[in-house]
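Visitor: need a 3D model of the following:
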Amino acid sequence: MSHSLNEIEAMSKRAARGAGLSWGLAEEAAKGTRWLSSFGFPGTEMLAGLLTMNDRIPSIDVSPVSLRAEIWHAPARRMSPLIAGAALSDCAVRLLERGRIRMENVNFPLLAVPFMGGAALRLGRPVAAEWDGVRLATDGKRLCVQGESEAFLTRLADQMVFSAPADMTGQQEPVMRADVSEESWGSWLNSHIAHLPPQPKKAVCAAPARVSATTIDETYWAQVHPVRSAYAEQKDRHDCDRNPDPCRNRRSGLPCAG
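Guide: Alright, predicted model coming up:
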């Protein structure tokens with residue numbers, strides 16, 4: 001089935017949130033799925049596999065233990081590409097300073113690639129990722145792909161290496177629509193969306209209406225200000241003296257002493 005990128009992003013966000021991801025990480029996952037789909041990769045299928053694999057697993061168990069370590073690893077001995085990719089984007093400057101960041105045991109490594117785009121845009125330089133003999137590089141807008149297609153879709157990469165700056169060769173341009181398998185679109189999306197927690201209701205506070213002096217009629221003015229101060233009376237007389245047309249004050253709703 002062919003779907004627009006907006007549809008893919010919206011459905012992926014709801015599914016990720018229904019699988020237990022935080023709203024922020026669900027949004028990042030949806031944007032990444034859209035980004036991969038725009039370049040012809042099966043982003044929804046890979047996200048489906050990841051959500052199923054990490055179902056009911058605490059995020060801390062599949063997060064990097066330390067971002068300062070020589071090799072990033074997770075307590076569960078397998079790392080979420082979404083959490084690792086988000087951390088990589090935040091550490092873009094550190095990536096440029098070190099030249100390389102290594103990660104081990106990354107599930108569905110292709111899902112970490114879209115976060116390279118954010119890092120590349122932040123640095124203003126291309127970023128590359130390599131695993132199992134494949135290489136992808138991006139400047140945030142275009143993507144360069146090298147390697148066998150099967151390796152891109154692997155469910156576990158023993159080691160994944162990110163580097164910056166990177167060379168851009170064999171560039172691909174994104175498209176506006178993508179093909180999505182009927183199974184991933186109909187089954188896993190709906191199953192995760194069924195567990196989508198309700199959004200908290202926002203308190204609606206009605207702000208007091210602002211009433212302009214030009215729209216106040218004399219009845220309303222008398223109700224609000226039953227006793228007018230001497231200063232107000234003097235100001236009205238002054239306004240009438242300055243205004244040769246005393247009816248103008250009446251039309252504006254202000255009492256006229258003239």
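Visitor: okay, now the unreliable bits of the chain?
Guide: 1, 170-258 (pLDDT under 70).
Visitor: mind listing the helices for the stretch 51-200 of the chain?
Guide: 81-90, 92-98, 113-123, 149-152, 182-183, 189-193 (DSSP state H, counting those that start in this stretch).
Visitor: next, format these as CSV and append distance to Trp23.
Guide: All C-beta atoms are positioned from the backbone trio N, CA, C, and that covers glycine. Shown next, in CSV, are the helices of the stretch 51-200 of the chain (distance: least, CB to CB, whole Å):
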stretch, distance to Trp23
helix 81-90, 13
helix 92-98, 23
helix 113-123, 17
helix 149-152, 29
helix 182-183, 26
helix 189-193, 14
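Visitor: between those helices, which gets nearest to Thr169?
Guide: Between Thr169 and these, the shortest gap by CB to CB is with helix 113-123, which sits at 15.0 Å.
Visitor: residues contacting the closest one, please?
Guide: 28, 31-32, 35-36, 85-86, 88-89, 92-93, 95-96, 126-129, 136, 138-141, 162, 164-165 (CB atoms under 8 Å, 6 or more residues apart in numbering).
Visitor: with only the CA atoms kept, save that helix in PDB.
Guide: These are the backbone C-alpha positions of helix 113-123, laid out as PDB (Å, rounded to 0.1, in the frame of the first residue of the first chain):
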ATOM      1  CA  VAL A 113      20.400   6.500  11.000                       C
ATOM      2  CA  PRO A 114      17.700   9.300  10.900                       C
ATOM      3  CA  PHE A 115      19.200  10.800  14.100                       C
ATOM      4  CA  MET A 116      22.500  11.300  12.100                       C
ATOM      5  CA  GLY A 117      20.500  13.800  10.000                       C
ATOM      6  CA  GLY A 118      19.900  15.900  13.100                       C
ATOM      7  CA  ALA A 119      23.500  15.700  14.100                       C
ATOM      8  CA  ALA A 120      24.600  16.600  10.600                       C
ATOM      9  CA  LEU A 121      22.400  19.600  10.400                       C
ATOM     10  CA  ARG A 122      23.600  20.700  13.800                       C
ATOM     11  CA  LEU A 123      27.300  20.300  12.900                       C
END
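Visitor: quick one: it to helix 81-90, angle?
Guide: Relative orientation of helix 113-123 and helix 81-90, computed by axes from the mean of the first three to the mean of the last three CA atoms, to 10 degrees: 10 degrees.
Visitor: before we move on, the earlier item: to Ser63, which of the helices of the stretch 51-200 of the chain lies closest?
Guide: Of all those, helix 81-90 comes closest under CB to CB, at 4.8 Å.
Visitor: of the contacts of helix 113-123, buried ones?
Guide: Buried members of the contacts of helix 113-123, scored by 16 or more other CB atoms under 10 Å, are 28, 31-32, 35-36, 85-86, 88-89, 92, 95-96, 126-129, 136, 138-140, 162, 164-165.
Visitor: just checking, what packs against the longest helix anywhere in the chain?
Guide: Looking across the chain with DSSP state H, the single longest helix is helix 23-38. Identification of packing neighbours for helix 23-38 by 3 or more CB pairs under 8 Å, 6 or more residues apart in numbering; DSSP states H and E yields helix 5-18, helix 43-53, helix 81-90, helix 113-123.
Visitor: what's across from Ile71 in the sheet?
Guide: Arg102 (DSSP bridges).
Visitor: tally of neighbours for it?
Guide: By other CB atoms under 10 Å, 12 other residues sit near Ile71.
Visitor: Gly117 versus that one, what's the distance?
Guide: 23 Å (CB to CB, to the nearest Å).
Visitor: do Pro109 as well
Guide: 15 Å.
Visitor: is it correct that Met79 is in contact with His73?
Guide: Yes. Between Met79 and His73 there is a contact under CB atoms under 8 Å: 6.9 Å.
Visitor: which neighbours do these two have in common?
Guide: Joint contacts of Met79 and His73 (CB under 8 Å, 6+ apart) are Pro64, Met103, Glu104, Asn105.
Visitor: give the contact list for the first one.
Guide: In other words, Pro64. Pro64 touches Trp72, His73, Ala74, Met79, Ile83, Ala84, Ala87, Met103, counting by CB under 8 Å, 6+ apart.
Visitor: many thanks, I have nothing further to ask.
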